[in-house]
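1. this one's structure only:
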């Protein structure tokens, strides 16, 4: 009889403890409830940024060179430097050209004197017409040689064709360059700037003409430029 009563007492006590704990837990949960704000789900277009690097250049870019071959004596500019129209950018060693110019001048002066002498002799009927014509031909050739020497001497210096920026130095001082070999890559300021960048094949399909882009340059830290895809 005592054993049965003890078991019943334990059961009743356990039930009371259980219901008391359950009531306390419900009160704690009710105190932890935080009100939330709901929004209607909407379909939006997710834009994934594509980050790449490239080379800045001008849409009006030219490769400046010398008309004649020679040794580069001096390059007066650095990459990224802004220059004015007519500013001297680079020059050749003029030793050979100065000698050729002097030779052409002396040849022209001699041909001029010979022509004047033959003209006087022909006027006095001492020189023949053929002699006069031959001397005139020599004079014309000497005159052309002088013009060529003066022209080559003039273009032994590279000058900026307009206001612009030095994009790249292709040659260096004391380097032997051929006629027409690029020495300086020049970008005109009258044109727009462009960036040629490489994009992976999985990303190129996500880009369309006219898309907007942002450009960051090391030369302008903290400055963001706006651009469009062309």
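-> Looks like it arrived, so ask away. None of these values were measured; they are calculated from a predicted model. Numbering: from 1, shown residues only.

2. and stretch 62-74, how far from the chain's centre?
-> The chain centroid and the centroid of stretch 62-74 are separated by 20 Å under C-alpha atoms, centre = their mean, to the nearest Å.

3. End to end on it, go ahead and measure it.
-> With C-alpha to C-alpha, to the nearest Å as the measure, the first residue of stretch 62-74 is 20 Å from its last.

4. go on, stretch 212-230?
-> Start to finish, the residues bounding stretch 212-230 are 10 Å apart (C-alpha to C-alpha).

5. Mind listing residues that contact that stretch?
-> By C-beta atoms under 8 Å, 6 or more residues apart in numbering, the list of residues contacting stretch 212-230 from outside reads 56, 80, 194, 195, 207, 208, 209, 210, 211. The way it works is simple: take the backbone N, C-alpha and C, and place the C-beta from them, glycine included.

6. At the geometric centre of the protein, which residue do we find?
-> When the chain is reduced to its mean C-alpha position, the nearest residue by C-alpha atoms, centre = their mean turns out to be residue 57, at 2.6 Å.

7. what secondary structure does it sit in?
-> Going by DSSP: H, G, I helix; E, B strand; the rest coil, the secondary structure assigned to residue 57 is strand.

8. so how far is residue 85 from it?
-> Distance of residue 57 to residue 85, given as C-beta to C-beta, to the nearest Å: 19 Å.

9. Pull out the buried positions in stretch 136-156.
-> Neighbour-count burial for stretch 136-156, counted by 16 or more other C-beta atoms under 10 Å, picks out 138, 139, 142, 145, 146, 149, 152, 153, 155, 156.

10. can you pull the contacts of residue 157?
-> Contact partners of residue 157, counting by C-beta under 8 Å, 6+ apart, are 88, 90, 91, 92.

11. Report the beta-bridge partner residues of it.
-> In this structure, residue 157 has beta-bridge partners residue 91, where bridges are defined by DSSP bridges.

12. what residue ranges in this structure score low on pLDDT?
-> By pLDDT under 70, the weakly predicted segments of the chain are 1-34.

13. Just the strands from it, written as ranges.
-> When assigned using DSSP state E, the strands of the chain occupy the ranges 54-58, 61-65, 70-75, 82-83, 88-92, 157-159, 164-169, 176-177, 182-188, 193-197, 212-217, 220-228.

14. The fifth one to strand 182-188, inter-axis angle?
-> Between the direction of strand 88-92 and that of strand 182-188, the angle (axes from the mean of the first three to the mean of the last three C-alpha atoms, to 10 degrees) works out to 170 degrees.
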